[in-house]
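*Asks:* when you get a sec, could you give me coordinates for this:
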Amino acid sequence: MSVNQQTHTGPPYGQPQPGYQGYQQPAYGGQPLPGVPHSQYGVYNGPMPGYQQPVPPQGTSHQGPLPPSVSQGLPLAQPPFSGQPVSTQRLPTQVPGFASPPSSTGIGPSSYPPTTGAPRPPTMPGPPLPVQTAAGPPTSQPNHVSSPPPPPSTLSGPYQGPPMSGLRGPPPPTHPPQPGYQMQQNGSFEQVRGPQTNYGGAYPGTPNYGSQPGPPPPPKRLDPDSIPSPQLNELPPQQKPRHRIDPDAIPSPIQVIEDDRSNRGSEPFVTGVRGQVPPLVTTNFLVKDQGNASPRYIRCTSYNIPCTSDMAKQSQVPLAAVIKPLATLPPDETLPYLVDHGESGPVRCNRCKAYMCPFMQFIEGGRRFQCCFCSCVTEVPPHYFQHLDHTGKRVDFYDRPELSLGSYEFLATVDYCKNNKFPSPPAFIFMIDVSYNAVKSGLVRLICEELKSLLDYLPREGNMEESAIRVGFVTYNKVLHFYNVKSSLAQPQMMVVSDVADMFVPLLDGFLVNVNESRTVIISLLDQIPEMFADTRETETVFGPVIQAGLEALKAAECAGKLFIFHTSLPIAEAPGKLKNRDDKKLINTDKEKTLFQPQTSFYNNLAKDCVAQGCCVDLFLFPNQYLDVATLGIVTYQTGGSIYKYAYFQLETDQDRFLNDLRRDVQKEVGFDAVMRVRTSTGIRATDFFGAFFMSNTTDVEMAGLDCDKTITVEFKHDDKLSEDSGALLQCALLYTSCAGQRRLRIHNLSLNCCTQLADLYRNCETDTLINYLAKYAYRGVLNSPVKTVRDALINQCAQILACYRKNCASPSSAGQLILPECMKLLPVYLNCVLKSDVLQPGLEVTTDDRAYIRQLVTSMDVAETNVFFYPRLLPVTKADVDSDSLPAAIRNSEERLSKGDIYLLENGLNIFVWVGVNVQQGLIQNLFGVSSFSQISSTLNTLPVLENPFSKKVRSIIDMLQVQRSRYMKLIIVKQEDKLEMLFKQFLVEDKSLTGGASYVDFLCHMHKEIRQLLS
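*Replies:* Numbering: from 1, shown residues only. Coordinates of the predicted model:
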């Protein structure tokens, strides 16, 4: 499940579209009221700050165009409404008070099918909003701002509407008086976040719907990084429970996800057509490969790319592909076929070396082919010749995967191997820190116990009896201990290398062994290690020499492989790669903050380069009790394509499940070694930039000592010539790697995209989830070289430019007071705000430097589904779950006011699962889930739910298991009782709300984006 925001090719916020009659338009909130005529526009609960207000049909005095995102049969304004939660009806996409043009050029069908184009009801005229008039009650303010707020009763800055008279806001919420919107059952997903620093407060003030506006403040330009916002307790009482913009009337991630599921989840996604936008990553769908790679392997920010670089620059939409070459497929989809062309190897273009694929054109009766990438003509080798049918296709088209499928593999010949000889099977080396902390915490014993059984689960090729992977063992503190576990020995032998400055491997024969042959010696060793070091007093560790030792062992064995290093502390012992504690919270928000993300020495960069050359991949399991310098220790892992796992303050009873699950999955997952990836493109564009866990020694080849099934490489493309609408654009990703059985293979993924001369076509075929994945990675790389504030401002500016270009060139003319978003980008503001509030770009007070470095590296290789749930977590009400059904309950939006005191919720972001328990939950439910009789007896230290024999307990545990299976890491379970101290941590994940450190709420950020867009347009 992931949330790849699919290109909703659909009308801009709720614009009627020709040609897709009969589709429901999604609605955001609101029920039709009896006696109110159905109008094409939807419900509107309260004015938007300074955006035009729609005219209430009942004749209240109020003017202005309608909220674009509100359409289809919902009354426009509701009479003040008794406190029922707004129900979720489906509305089109315009933001309240942000109206939608009647129909904009070419915004095509969307997974939000457009409304059929009823004309705009005549009851809604109204002059455009004056830009500088001071207006009704204040909004709460953007999340970034730095001068002092104006008095809370007025709104400053460009968005202001006429004073409000008759329109009421939503009724006070039935829940705690939040600066609140109405409760609604509607849902969605994001990341563990700390409170945020540089985004000042909310927009000055909050609306006071019923009362009189205060005097206007002097007009002031809002500086996005100043203005602290008024705190809730400073506002006059009647303002507290009201908010100016109804959150149900702005685009809901949950609604978009649900609509895509219902519209696109039932039919298979057939890849035969060029430039098709796939369903969202959050939709479960079946893929049928008919010539283009599955979206599980490649997702693009846009499936219709501009023909010229000028057009691309004008739109500012980055052209990028997120590629996951070894992605795991669901059981009902076919793995790529392996094609063996014998000693001659794969057929390739003579000039650009592209591999044979479905887009190559055979000519001259099949004797030659023209390359679809560079147009060069190449002779078809005699053994590959085949006649063409009357359409110009080869008659063996359907028998050859490389002619009919988007993804396939070739068996590589010896020419594709290092030193022109076939590789040996890879090796796994387990390297265990046996310093005082590791032994005392029980970690060493736990690892040794687990490895005894895990060695039977090493990865193996399809039908092989046993794994071809050999294993070796090292323990270390200030010195290294190597073990001889040769099968002929009665007992393992230990060899100590204390000269860590000049690392070498003291034995060749007996270090790397076959598990089955040496099983008894290995088991004996794993039994003895915890006993040997039980009384250690050594607290210091080395780290550089540990990697060097593993690298030397693989060199001596002439094979690639992976090091699994289990490490607990900052390596301060005298040795190469020794580090000092340089953690300094005072650097946050200064120009030197970037140094916290950079390695403190170049030693590890050089070591990483040597590891990549040997195919030595490093996976790092960290168990820190204090600063460890993840930014430096993680360099080798990062550049070799490895993974980092971090368990701060590791405790056996609470963390062992998570660690063991991660270790099992890490050891068992599919991985390719000694990998090189190259992305070729057709003439007109080329790959210019790459993001991910890898090393590059030139500008084209992405080198990875190891590449597993969870890692992605993100590639950005730029124009180097014009493209044509007729021929489109092609990408071919070729990955050369060694399989876990030692077989050298090439995996090929091909994708064809459309090209356009109209910006509307670009905006209609974008995918917001992939765009956010790219933007987050771009920003997370930016913090290495620029102040965090600069990176944040650049992100906001780029997104404002993307949306302003759409407004200027694609939307029908309408008042500047309206915010108009392209249908398939309507979630860009909410998701972008989540990225800005993430720990890397806006750390909370309790977020450590190591946490930030860890998250930065983690996100850099995430796929689109993972970033989607990481930045916008999934929030599920479990009290409402149907205990007899296998399905998950419908998600709701990430905001505190969606939570009811009488319910229990699960929130997941890919790293953690929170179970939030309201103070008024029925005693019976508490008994059924926790096995205790009252709310006060629930323990916040539980890390698993008790196994109780009742339907509710079984259902909640099965939901948690379903969520765990979908994620690449085992999520930590945290029980949060309402009003308990842990609730502060939980609230950071309610990403539509304002965060403790000043990150904007979704509503405020939308206002801020609107202001930025208007500035660009003016």
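*Asks:* longest single strand anywhere in the protein?
*Replies:* strand 744-756 (DSSP state E).
*Asks:* paired strands for that strand, with orientation please.
*Replies:* strand 304-306 (parallel), strand 407-411 (antiparallel), strand 729-738 (antiparallel) (DSSP bridges).
*Asks:* name the element residue 907 belongs to?
*Replies:* Element membership for residue 907, per DSSP states H and E: strand 904-908.
*Asks:* follow-up on the earlier one: could you look up the next helix or strand downstream of the longest strand of the chain?
*Replies:* Next along the chain from strand 744-756, counting by DSSP H and E, comes helix 759-764.
*Asks:* that following helix - contacts with which helices or strands?
*Replies:* strand 304-306, helix 309-315, helix 788-809 (3 or more Cβ pairs under 8 Å, 6 or more residues apart in numbering; DSSP states H and E). For every residue, glycine as well, the C-beta is placed using N, CA and C.
*Asks:* what about these, which gets the closest to residue 495?
*Replies:* With Cβ to Cβ, the closest approach to residue 495 among these belongs to helix 788-809: 47.5 Å.
*Asks:* quick check: buried residues in the closest one?
*Replies:* Across helix 788-809, burial judged by 16 or more other Cβ atoms under 10 Å covers 788-789, 791-793, 795-796, 798-807, 809.
*Asks:* tell me which residues in stretch 317-334 are buried?
*Replies:* Judged by neighbour count (16+ other Cβ under 10 Å), stretch 317-334 contains these buried residues: 317, 318, 319, 320, 321, 322, 323, 324, 325, 326, 327.
*Asks:* any idea of the pLDDT on the closest residue to the third one other than its chain neighbours?
*Replies:* It stands for residue 319. Spatial nearest neighbour of residue 319, chain neighbours left out: residue 717 (4.6 Å); criterion: Cβ to Cβ, 6 or more residues apart in numbering. For residue 717, the model assigns a pLDDT of 98.
*Asks:* for the one 3 residues further on, same thing?
*Replies:* Per-residue confidence (pLDDT) for residue 720: 95.
*Asks:* show me what contacts the spatially closest residue to residue 733 that is not a sequence neighbour?
*Replies:* Closest residue to residue 733 apart from its sequence neighbours, by Cβ to Cβ, 6+ apart: residue 749 at 4.5 Å. Contacts for residue 749 (Cβ atoms under 8 Å, 6 or more residues apart in numbering) come out as 293, 297, 298, 323, 325, 406, 407, 732, 733.
*Asks:* please repeat the previous calculation with a cut-off of 10 Å.
*Replies:* Applying Cβ atoms under 10 Å, 6 or more residues apart in numbering, one finds that residue 749 lies in contact with 292-294, 297-298, 321, 323-325, 327, 336, 357, 405-408, 679, 731-735.
*Asks:* and for residue 731?
*Replies:* Residue 731 neighbours (Cβ under 10 Å, 6+ apart): 292-293, 298, 300, 321, 323, 373, 679-682, 685, 687, 715, 717, 749-753.
*Asks:* change it to 7 Å
*Replies:* By Cβ atoms under 7 Å, 6 or more residues apart in numbering, the residues touching residue 731 are 321, 679, 681, 751.
*Asks:* from residue 999, how far off is it?
*Replies:* As judged by Cβ to Cβ, to the nearest Å, residue 731 and residue 999 stand 36 Å apart.
*Asks:* and the helix or strand containing residue 529, what's buried?
*Replies:* Element membership of residue 529, judged by DSSP H and E, is helix 519-532. Using 16+ other Cβ under 10 Å as the burial criterion, the residues of helix 519-532 that qualify are 519, 521, 522, 523, 525, 526, 529, 530.
*Asks:* what's the closest non-adjacent residue to the second one?
*Replies:* With Cβ to Cβ, 6+ apart as the criterion, residue 521 has its nearest non-adjacent residue at 4.5 Å, and that residue is residue 485.
*Asks:* which of the residues in stretch 899-916 are buried?
*Replies:* 899-900, 903-916.
*Asks:* ignore the last one, stretch 623-636
*Replies:* Of all the residues in stretch 623-636, those buried under the rule 16+ other Cβ under 10 Å are 623, 624, 627, 628, 629, 630, 631, 632, 633, 634, 635, 636.
*Asks:* go through those residues and say which is closest to residue 1009.
*Replies:* residue 631 (31.6 Å).
*Asks:* the closest one belongs to a helix?
*Replies:* Yes: applying DSSP: H, G, I helix; E, B strand; the rest coil, one finds residue 631 inside a helix.
*Asks:* residue numbering should commence at 45 henceforth.
*Replies:* Let's use 45 as the start, then, which means that last one is residue 675.
*Asks:* what about the closest residue to it other than its chain neighbours, helix or strand, and which?
*Replies:* Spatial nearest neighbour of residue 675, excluding adjacent residues (Cβ to Cβ, 6+ apart): residue 897 at 4.0 Å. Residue 897 is part of helix 893-904, with elements assigned from DSSP H and E.
*Asks:* keeping just the C-alphas, turn stretch 732-743 into CSV.
*Replies:* The C-alpha trace of stretch 732-743 is given here as CSV (Å, rounded to 0.1, in the frame of the first residue of the first chain):
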residue,chain,number,x,y,z
THR,A,732,21.6,14.3,-15.1
ASP,A,733,21.2,13.6,-11.4
PHE,A,734,20.9,10.6,-9.1
PHE,A,735,19.7,10.1,-5.5
GLY,A,736,20.0,7.0,-3.4
ALA,A,737,22.5,4.7,-1.6
PHE,A,738,25.3,4.2,-4.1
PHE,A,739,28.6,5.3,-5.4
MET,A,740,29.4,7.0,-8.7
SER,A,741,32.9,7.2,-10.2
ASN,A,742,31.7,8.8,-13.4
THR,A,743,28.6,10.7,-14.6
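*Asks:* show me where pLDDT drops low in the protein?
*Replies:* The chain contains residues with pLDDT under 70 at 45-288.
*Asks:* if you set the cut-off to 50 instead, what comes out?
*Replies:* 45-138, 140-287 (pLDDT under 50).
*Asks:* and the residue nearest the centre of it?
*Replies:* The centroid of the chain falls nearest to residue 911 when counting by Cα atoms, centre = their mean (0.7 Å).
*Asks:* helix, strand or coil for it?
*Replies:* Secondary structure, three-state DSSP: residue 911 is helix.
*Asks:* dump the residue contacts of the closest residue to it other than its chain neighbours.
*Replies:* Take residue 911 and drop its neighbours on the chain: the residue closest to it by Cβ to Cβ, 6+ apart is residue 817, 4.4 Å away. Residues near residue 817 by Cβ under 7 Å, 6+ apart: 366, 906, 908, 911.
*Asks:* among those residues, which lie within helices?
*Replies:* 908, 911 (DSSP state H).
*Asks:* ok, the contacts of residue 817 vs residue 628, which is closest?
*Replies:* Closest to residue 628, out of all of the contacts of residue 817 and judged by Cβ to Cβ, is residue 906, at 28.0 Å.
*Asks:* number of residues surrounding the closest one?
*Replies:* Using other Cβ atoms under 10 Å, residue 906 has 26 neighbouring residues.
*Asks:* same question, residue 734
*Replies:* Residue 734: 19 neighbours (other Cβ under 10 Å).
*Asks:* on the three-state scheme, it is what?
*Replies:* Per three-state DSSP, residue 734 ends up strand.
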